[in-house]
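Undergrad: Using only what follows, build the 3D model:
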Amino acid sequence: MQILIQTQRLIFKQITHQDLDALLKIYQSPKNMKLVPNAKFDWNKEKLWKKYERLNQNYKNGFGIYTILRKEDQFIIGEAGLYNSFDDEKHLELGCILDHQYWNKAYGTEICQALIKYAFEKLKVEKLTARMIKDNIGSKRVSEKCGMTFSKEGISENGYPFLQYEIKKEDF
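TA: Predicted structure coming up:
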């Protein structure tokens with residue numbers, strides 16, 4: 001297992017084919033995906049793996065999407081990562097999808113705090129951004145708990161009202 005980050009309760013590791021069944025269940029759950037912009041429900045293993053291949057080309061640079069496991073039993077509870085959404089490796093986007101069973105248990109905050117620390121200390125990123133559907137109260141709270149500040153509200157190109165939060169290295 002190629003581990004990127006460990007927290008008190010969690011392990012972040014590179015995604016492998018062995019993770020696909022568990023991650024696919026998360027992606028196929030309408031409850032999990034209702035607050036994800038552009039959520040699709042027609043995922044299969046091949047489509048999901050292609051998504052990961054595309055987004056994880058930056059593993060070599062230290063960022064991408066990672067499988068999130070509970071330390072206690074190695075159970076996959078979701079995915080999280082850092083994305084080069086702004087075509088600037090000094091300004092990355094932070095994102096996370098957790099299975100709904102793990103909502104409101106502080107996993108989201110633990111994941112985001114770990115990614116923020118990793119991005120600023122290891123990758124020397126200057127700024128992180130988190131974007132979420134406006135109705136996603138949980139992600140808004142997690143962003144604020146992690147020291148991110150509201151920076152923008154708008155409508156995405158796909159028509160979703162969104163909120164944007166940011167944190168800069170000097171504010172970390």
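Undergrad: Measure how buried N158 is and give me the count.
TA: A total of 8 residues lie near N158 under the criterion other Cβ atoms under 10 Å. Placement of C-beta: from N, CA and C, glycine included.
Undergrad: brain fart, E170
TA: So E170, with other Cβ under 10 Å, has 8 neighbours.
Undergrad: Show the model's pLDDT score for it.
TA: Looking at E170, its pLDDT reads 95.
Undergrad: Help me confirm that it is found in a helix?
TA: Yes - per DSSP: H, G, I helix; E, B strand; the rest coil, E170 lies within a helix segment.
Undergrad: For this protein, give me the ranges with low pLDDT.
TA: 37-41 (pLDDT under 70).
Undergrad: all strands of it, in order?
TA: 3-6, 10-14, 65-70, 76-83, 91-98, 127-133, 149-155, 161-168 (DSSP state E).
Undergrad: and of these, who's closest to N32?
TA: Minimum separation from N32 across the strands of the chain (Cβ to Cβ) falls at strand 91-98, 6.7 Å.
Undergrad: In contact with E144, which residues?
TA: Y165 (Cβ atoms under 8 Å, 6 or more residues apart in numbering).
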